[in-house]
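Student: A structural model of the following input is requested.
(chains A, B and C)
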Amino acid sequence: MAATEAQTVVQDDQAVPVRHPASGSGATWPIFEVFRQERAGQPMQHAGNLTAPDADMAELYAREFYGRRNESIRIWVVPRATVREIVDADLLHPPAVDRSYRIVQGYTVRDKLDQARAHGEEHIPGTPGRKARPPAGPKTAMEIPDDV
Amino acid sequence: MEDADRVAEFTAYVQNGGKVEAGDWLPDEYRLQVLRFVEMHANSELMGVLPEREWINRAPTLKRKLALTAKVQDEVGHAELLYRVAEDLGKSREAMLADLLAGKTKFHNVFHYPTYSWGDVAIIAWLVDAAAIQSQKALLDCSYEPYARTMKKICWEESFHIKHGYDCVVTLASGTEQQRTILQDALNRWWTPLVHFHGPPTDPAKDRDLYWRIKAKANSVLRDEFLDRYVPKILELGLTIPDPTLHFNEESGHWEYAPPDWSQLKAVVTGHGPRSAERLTLRRLSYADTEWVREVVLAGRLAA
Amino acid sequence: MFKNPPPPDPQIEVPHFSSVTTATADAVLEAERRGVQPVPHEPAFDVQPTLDLPAPGPAPAMPAWLTALDAAAATDVEQALNGLLLALADDEFILGYRNSEWTGIAPMLEEDVAFSSMSQDEIGHARLFYSLLGARIGVDMDQVAYGRPPAGFRNAQFLEMPRTNWAFTLARQYLYDQYDQLRLAALAHSQWAPLAEVIGKIQREEKYHAMHGTTWMHRLAENTPDARARLEAALPGAWSAALGLFEPLPGEALLIQAGYLLGTAAELQAAWLDRVGSFLRELGLAVPPPVTGARGGRQGQHSADFAALWDELTIVYRIDPGAKW
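Tutor: Below you'll find the model as predicted:
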């Protein structure tokens, strides 16, 4: 995770410097992030994190904390220090430049389609018929639309 | 000096259901409030282990022994997860444990009370865990995401605890006269701590945990939800609840009960409960007893 | 002062329990050395039982199935097999019992969770063996486990020793796991199929235990002089008691002949001495002499520590041995 500005916490009426998660926060030992896969075919999902003196113990503990109930079929253990985080809104959702040409939401044919259809038949065999359907918004960021 | 506008923006964001992560900019007060809340929760899981672990050795069947060991293990695991969340907010686990052992920070009331029989084990595993899960479900929507995610895992693991607890209770309730006696005795003693569990009514306008959307429901609401759900289940087993004023109010749709003595709760959480000293002492001495082990592990890491 | 609780009834006896609610004597000493004090006891009120609680009954007599087993094991291979199952179960049960005493107060939270998994494995293995035995003699597995006086237990005395401290606990873990690996290997191809079947499952779980044990032995021996000293102090007692694991069971020759067991206790001991001896030497630790300490566990002879353990183990059960819990 990228380092951000130094921060302080008020504790016992004193300002105490807070160590950012990237530097290990308040932890004595290195932090390891744990990812797990619940069923075959599913993506690896972030499950949480733990501290351990070294990578071997991290593996042992990851199995305990994220696998002792048979809830995972695969586990990744990754030192937090090696994780690079991108969270900058300017990079991920750039406001200024129109890049809608390369996403599904950048294309609406509805009005043009109505005009074009005026030239065609009302009833085409093998189809349920033309019904006006309001375009549904995407439910998730990566949803695949029905008509593709 | 914090930018007042930035704080205002943040406040509006979380009050409207916005979520934040560990590495985000957080106002000092928010950070401290979440830290305190999570720290107390972690402390409670760690101290909660003590009344229950007493009975692992005494469990009367192999299955109960295993279940109780697994339950206590989960609670230790929860303590670990929660200390981890608090640590990322800037306080080391060592500092949190030191404060707990020094009596500077608090842990939940129920863990200051004695246990006298297997009846206690059953009542704790059923009703104390049920009271806890009411609170925990209400935390699933916490504005601080790492805590909310941890609560999801904790709730999932706790669901077996309640099933196990209820199984123990119903087995006793359907058993011999002696078994029903130990169950009733346990209920007689645990009723008050259970009614205290969710805390005294607070003024929502002054509740900082509600303000920052750390928790979503007021204490009284949680208590009413818990009692409404569980009083019928207790009564249907033919157990007597030791509150002669307890009755169902048809109009409000809630169970009404004798107003709890909140000064007793205060005495307990400030370390003057029947077993507060004994349990904290066990923690203190065990922690000191194993200090050399932590030094060993740390030495290995530094040498690596 | 408070509306609740009701005033204590002087007629109602308050149960007193042992060990686990307070720190061990070793812990108290260690804490003193570090200048750590107990918390002053200043309760604002107390809570006592509100009803007369049933007291536990006396020790049961030796059950008929066990008397029959003891009478015939030396000459009847099927009773010898029952005796083997009982020893296997009791070893795992009593060790699991001792190890579960660390749950909640282990040196680190992560280690607490890991070690607790291991003690659940051990009790789980015990349960498997008790149920195999129970099926053969027509007795419920909980009755097999709980319905005996102390003399009915056939674990090695090594396993009933108190957990003492982390060095002793891990030394015991290591020494026992090495023994268990050899013993399981000698049973993996047992001619008694139900046993051979469960052994495979158990061996897979034991892999994790062995890894944990050797990691800790390395850590204790190599990381700090203080830890090494504690390990060196724990080893001689642990070692000599561990040799009690190798007491031969009655009817061992019959079990070998029938192919139920594929290695004598003497063979296991030789292999164990070799393996554990070289590991200790590798760590630069002194190998204690092969003098057996606490013997007799396999014959049902146990220590004062076991009497206390048994008392607590059965304290709820003995309220009503016929009840369902």
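Student: how about the longest helix along chain A, does it get close to chain B?
Tutor: Of all segments of type helix in chain A, defined using DSSP state H, the longest is helix A:55-67. Yes: contact of helix A:55-67 with chain B (CB under 8 Å from any CB of the partner chain) involves A:64, A:65. All C-beta spots, glycine's among them, are computed from the backbone N, C-alpha and C.
Student: Then stretch C:113-124?
Tutor: Yes: Stretch C:113-124 is in contact with chain B by CB under 8 Å from any CB, via C:113, C:116, C:117, C:119, C:120, C:123, C:124.
Student: Output the next helix or strand after the longest helix of chain A as PDB, restricted to C-alpha atoms.
Tutor: The helix or strand immediately downstream of helix A:55-67 is strand A:74-79, counting by DSSP states H and E. Once non-C-alpha atoms are left out, strand A:74-79 reads as follows in PDB (Å, rounded to 0.1, in the frame of the first residue of the first chain):
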ATOM      1  CA  ARG A  74      -6.600 -22.700  -1.600                       C
ATOM      2  CA  ILE A  75      -4.800 -20.000   0.400                       C
ATOM      3  CA  TRP A  76      -2.300 -17.300  -0.600                       C
ATOM      4  CA  VAL A  77      -0.200 -15.700   2.000                       C
ATOM      5  CA  VAL A  78       1.400 -12.400   0.900                       C
ATOM      6  CA  PRO A  79       3.700 -10.000   2.900                       C
END
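Student: can you list the residues that contact strand A:74-79?
Tutor: Applying CB atoms under 8 Å, 6 or more residues apart in numbering or on different chains, the contact partners of strand A:74-79 are A:30-37, A:44, A:47, A:55, A:58-59, A:62-63, A:66-67.
Student: which of these are buried?
Tutor: A:30-37, A:47, A:58, A:62-63, A:66-67 (16 or more other CB atoms under 10 Å in any protein chain shown).
Student: mind listing what the residue nearest to residue C:127 when sequence neighbours are not counted touches?
Tutor: Nearest non-adjacent residue to residue C:127, counting by CB to CB, 6 or more residues apart in numbering or on different chains: residue B:62, 4.7 Å away. The contact partners of residue B:62, by CB under 8 Å, 6+ apart, come to C:123, C:126, C:127, C:130, C:141, C:142, C:145.
Student: pLDDT weak spots in the chain?
Tutor: Defaulting to chain A. A:1-27, A:95-97, A:128-148 (pLDDT under 70).
Student: Please refer instead to chain C.
Tutor: C:1-12, C:16-21.
Student: That one against chain A: which residues are in contact?
Tutor: So far as CB under 8 Å from any CB goes, chain C lies against chain A at C:110, C:113, C:114, C:117, C:211, C:212, C:215.
Student: Could you give me the ChimeraX selection string for whichever of the residues you listed are buried?
Tutor: A single ChimeraX command is used to select the members of the residues of chain C next to chain A judged buried by 16+ other CB under 10 Å:
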select /C:110,113,114,117,212
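Student: Now residue B:294: which helix or strand?
Tutor: helix B:291-303.
Student: which other helices and strands contact the one helix or strand residue C:254 maps to?
Tutor: Using DSSP H and E, residue C:254 sits within helix C:252-257. Using 3 or more CB pairs under 8 Å, 6 or more residues apart in numbering or on different chains; DSSP states H and E as the contact test, the elements touching helix C:252-257 are helix C:77-100.
Student: need the next SSE after the helix it packs on, C-terminal direction.
Tutor: By DSSP H and E, the next helix or strand past helix C:77-100 is helix C:109-137.
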